[in-house]
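S.K.: Would you be able to build a 3D model of this:
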Amino acid sequence: MNAIGWGASWRIARRDLHLGFRGLRLLFLCLFLGVATLAAIGSLTAAITQELSDRGRNLLGGDIEIAMTQREARLGDKEAFRQLGTLSETIRLRAMAQREAAGQGRGDAPPAVLTELKGVDTLYPLYGALTLRQGAYRPLDPDHILIGDALAERLDVRPGDRLRYGTASFTIAGVIADEPDRLGEGFTLGPVAIVSLDGLRRTGLIQPGSLYSAKYRIRLAPGFDPATVRADMEKAHEADGWTLKDRDRAAPGANRFIDRMGQFLSLIGLAALVIAGIGVSNGVASYLAAKRGGIATLKVLGATSTDIGRIYRMQVGAVAVLGIVTGLIVGALLPPLIVALAGDVLPVSPGFRLHPLPLLTSAAYGLLIAFLFTFPPLGRARTQPAAAIFRGAVESGNGIDRRSLAAMGGAGALLVALALLTAREPLFSAAVLGATAAVLLLLLGLGWTVRRLALIAPRPRRPLLRLALANLHRPGAQTGALIVALGLALTLFVTLAGIQTSLDSEIRNVVPDKAPNQFVLDIPSRQVDRFRTIALKQAPEAQLNIVPSLRGTIVAYGAQRVADLKELPEGAWFLRGERGVTYSAVLPQGSDLTTGQWWPRDYAGPPLVSLDEEAAQVMQIGIGDTLTVSILGREITARIASLRKVNWDTMGFNYILVFSPNALAAAPHSMTATITMDVRHDGAMTRALLSAFPGISVIAVGDVIDQVGTIMTQMSRAIVAAASVAILAGIAVLVGAIAASRQARSYDSVILKTLGATRWQILGGQALEYGLLASMLALVALALGTTAAWFVIVRIFEFSWSPDWPIVLATLGGGALLTLGIGLAGAIPLMSVRPARALRQL
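M.R.: Residues are numbered from 1 along each chain as shown. So this is what the prediction gives:
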């Protein structure tokens, strides 16, 4: 018989398709969730990346930047910089701002505030604009200063008031509205203040050994490529300890954050995608089960398999397209809302802009998922004979035909190819897809095993338990689909609990049990005894830890030059730029010697160094190997004498590198101290130290803890909110699995009612069935969920793995109860089905 044609097929499909998508709402919801998640993730990532790229020159302050610490560039180097284009110089350091007159301001205003003081030349900024709350920016006189809103608020000052830095006083010329290169400067511990370079030198804060950073920004002349200039400089000045950036990587910290968050969001997106696909399959299977009579009738009346496939593919396709389009609209509109809710977690706040590529990619994902996961139920409906369809409620159907399998294989290959070709990190995406496939195969295998075990298990004497066991293996049982749905839902609950509790623990660990009250920087190395005397006079019970402080860059370890590495080893964050370096005659506080021996107090041989044991493992070096560090532009090669375990959570001085005194004592440097005391001495201690040492900086540890804790709390909320999308998709899959078995359960409940069973007995049998499945899946979900949470916490965000196991187990139990409740809620409508009416419809 000839096919009825596309026009007639569409008329039948349209008439049969309910206006409210009855029966296909789950298909719509799953595709909407999957596509909206992918579109939002792609649009947000594209928006942030585009913003960083568009503002690269402004964020960096030039086409290329050369930075160095504790020293300025030599005159010859500056002249070489000018040969490349226009040169602008800035110097940045931490310094204490004090009101000039003690009587001004609020009574509760602090005596001094730690700030990021920045000296700029007359050409600053080369790109962008420094804007003020009132008036326009002009190059500053040596006795004027610009301050940020936070500093004005904390010291209760305004334009016209005077501030003191070191030995110099300044008149406030204005309040900064926008500092164009703020993000490129990296993490700061206080509000910003800007003076001229001459004004900065008036303060007396720039001394040999002071901790400051000199940066040289160049607006390249035509014909120079920033990446090439940077590469040439890195090669030519490898031993000088310079840190170079170009406009394409203006904010490496922000780029690393985007890379990590991108990995996590890709994980969430791919997981939501696959989970949504399972929900799509369950939703279509449930819909076609409800249409079983109509499909069989059409076949009896002469409709071909092609007709059936075309009619229901049109229905499913129409709803799928609507779900995809709606998901794209919501996904495109979500990024501004996410940016507003994320607060300071995101490095930039991009405005609203449509990004076609991620939207097209998300639409392609949605179409492929709809095509791939709707083929099994549509294929069975298309190829089964009418008689087999009528018996479908009590008899398992045939498998999928070869044609459908081939189409599914092609769609699956396209899906994997799309995921890998559009991924920021193809290997990571491939690993995620492989792990997801392995989990699904494990759950499917578990479903088959449970069904077989239920079939051969002895029949219990209790009727309800026997009924629950029979439901697991009877003809038409949805055991496999239920196990996949329950397993995914419980796994996602455990994953979310593991991530949340580990993040909570990380936030709590920001505040150690015992932390110093203050850090004091830039103490003159020849006035340590005077510093100690003044501090103990203010707080006799105070505990002081005073150590030398320098900055250095690891340029080689063993026989390996860092510059020759194509990429840094995993976890080698200490090889990026300069790090704190110190020397000590004795084992420092907060460290435990694990391997080797400490040098004698009077050691005078070749330079030795003690290394953090975790850093040694990352670099794969040990006792006797050499380590080369560039300090103040000079390379120092030392032999590793010992390895230490550094207790990072003590909030004390934790240095990866500790040298023998004879290696660094002659280098210009300052001292740094921690002060542990009663909190009521904090204000008096700050005033006394600043009066005696105007050039020091005092960091209140509590303020730092609050700042870091706030950022981590915002980050935790963002991570959990993103992970919750997968939870919603998992619940949708569970609802779909329950809906797919509704007709078979309706038939069972009618037969049981006819035989005299009560509603509570029928519900009790289903509750036992879901309870058995949840109990069997609990350990599997715990293992899978904790593994996924560990990967997110440790491998992606590089936090410590410290879940709260009671909460994780309680979440698993609560998730099991929730899934049980969803299952029973789906069964309640079946209790109202009248046996006579239902039997007439069979």
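S.K.: Run through the stretch 101-250 of the chain and note the low-pLDDT ranges.
M.R.: Residues of the stretch 101-250 of the chain meeting the criterion pLDDT under 70: 101-111, 186-187, 249-250.
S.K.: residue ranges of the helices in it, please?
M.R.: 149-155, 197-202, 226-236 (DSSP state H, counting those that start in this stretch).
S.K.: which one of the ones you listed lies closest to Arg11?
M.R.: helix 226-236 (60.9 Å; C-beta to C-beta). C-beta coordinates here come from the backbone N, C-alpha and C atoms, glycine included.
S.K.: got a list of contacts for that closest one?
M.R.: Asp63, Ile64, Ile66, Leu84, Leu220, Trp242, Leu244, Lys245, Asp246, Arg247, Asp248, Ala563 (C-beta atoms under 8 Å, 6 or more residues apart in numbering).
S.K.: Return the distance of that helix from the chain's centre.
M.R.: 31 Å (C-alpha atoms, centre = their mean, to the nearest Å).
S.K.: Can we start the residue count at 39 from this point?
M.R.: Sounds good: first residue 39 from here, last item helix 264-274.
S.K.: buried stuff in it?
M.R.: Pro264, Val267, Arg268, Met271 (16 or more other C-beta atoms under 10 Å).
S.K.: Same question for stretch 273-281.
M.R.: Neighbour counts over stretch 273-281 (16+ other C-beta under 10 Å) mark His275, Glu276, Asp278, Gly279, Trp280, Thr281 as buried.
S.K.: mind checking how far the fifth one is from Leu97?
M.R.: Trp280 is 19 Å from Leu97, where distance means C-beta to C-beta, to the nearest Å.
S.K.: Same check on the last one?
M.R.: With distances defined as C-beta to C-beta, the gap from Thr281 to Leu97 amounts to 15 Å.
S.K.: Same question for the first one.
M.R.: Here His275 is placed at a distance of 23 Å from Leu97 (C-beta to C-beta).
S.K.: Kindly report the same for the third one.
M.R.: Applying C-beta to C-beta, one obtains 24 Å for the distance of Asp278 from Leu97.
S.K.: can the buried residues of helix 264-274 go into JSON lines with extra columns for distance to Ala309?
M.R.: As requested, these are arranged in JSON lines below (distance: C-beta to C-beta, whole Å):
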{"residue": "Pro264", "distance to Ala309": "38"}
{"residue": "Val267", "distance to Ala309": "42"}
{"residue": "Arg268", "distance to Ala309": "38"}
{"residue": "Met271", "distance to Ala309": "43"}
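S.K.: Show me which pair in these is furthest apart.
M.R.: Pro264 and Met271 (10.6 Å).
S.K.: Just list what the helix or strand harbouring Val454 packs against, helices and strands only.
M.R.: Val454 is part of helix 440-459 when elements are defined by DSSP states H and E. Judged by 3 or more C-beta pairs under 8 Å, 6 or more residues apart in numbering; DSSP states H and E, helix 440-459 is in contact with helix 394-421, helix 464-494.
S.K.: and the ones you listed, which is most packed in?
M.R.: helix 394-421 (a mean of 22; mean count of other C-beta atoms under 10 Å).
S.K.: So what's the gap between that helix and the chain middle?
M.R.: On C-alpha atoms, centre = their mean, the centre of helix 394-421 falls 29 Å from that of its chain.
S.K.: Ok, stretch 605-620 next?
M.R.: Relative to the centre of its chain, stretch 605-620 is centred 21 Å away, using C-alpha atoms, centre = their mean.
S.K.: tell me how far the ends of it are from each other?
M.R.: Terminal residues of stretch 605-620 are spaced 27 Å apart (C-alpha to C-alpha, to the nearest Å).
S.K.: for stretch 664-677, same thing?
M.R.: 4 Å.
S.K.: Could you list the low-pLDDT ranges of the stretch 289-438 of the chain?
M.R.: For the stretch 289-438 of the chain (pLDDT under 70), the answer is 289-301, 304-305, 308, 328, 331, 380-387, 418-438.
S.K.: any weak-confidence spans in the stretch 689-838 of the chain?
M.R.: Across the stretch 689-838 of the chain (using pLDDT under 70), the flagged ranges come out as 689-690, 745-747, 749-750, 752-753, 756, 760-761, 763-764, 767-768, 770-786.
S.K.: Look up the closest residue to Asp179, ignoring the ones flanking it.
M.R.: Excluding its sequence neighbours, the residue lying closest to Asp179 (C-beta to C-beta, 6 or more residues apart in numbering) is Ser234, at 6.8 Å.
S.K.: That neighbour touches Ile183, doesn't it?
M.R.: No. Ser234 is beyond contact range of Ile183, at 9.0 Å (criterion: C-beta atoms under 8 Å).
S.K.: Of these two, which one has the most company?
M.R.: Ile183 (26 against 21; other C-beta atoms under 10 Å).
S.K.: Just list whatever residues bridge to that one.
M.R.: Counting by DSSP bridges, Ile183 forms beta bridges with Ile210.
S.K.: re the thing from before, now that we have the helices and strands packed on helix 440-459, can you turn them into TSV and tack on distance to Tyr325?
M.R.: Shown next, in TSV, are those (distance: least, C-beta to C-beta, whole Å):
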stretch	distance to Tyr325
helix 394-421	8
helix 464-494	22
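S.K.: how about those, which one is nearest Leu510?
M.R.: So among the helices and strands packed on helix 440-459, helix 464-494 is nearest, using C-beta to C-beta, at 3.8 Å.
S.K.: relative to helix 440-459, how tilted is that closest one?
M.R.: Helix 464-494 and helix 440-459 are oriented at 140 degrees to each other (axes from the mean of the first three to the mean of the last three C-alpha atoms, to 10 degrees).
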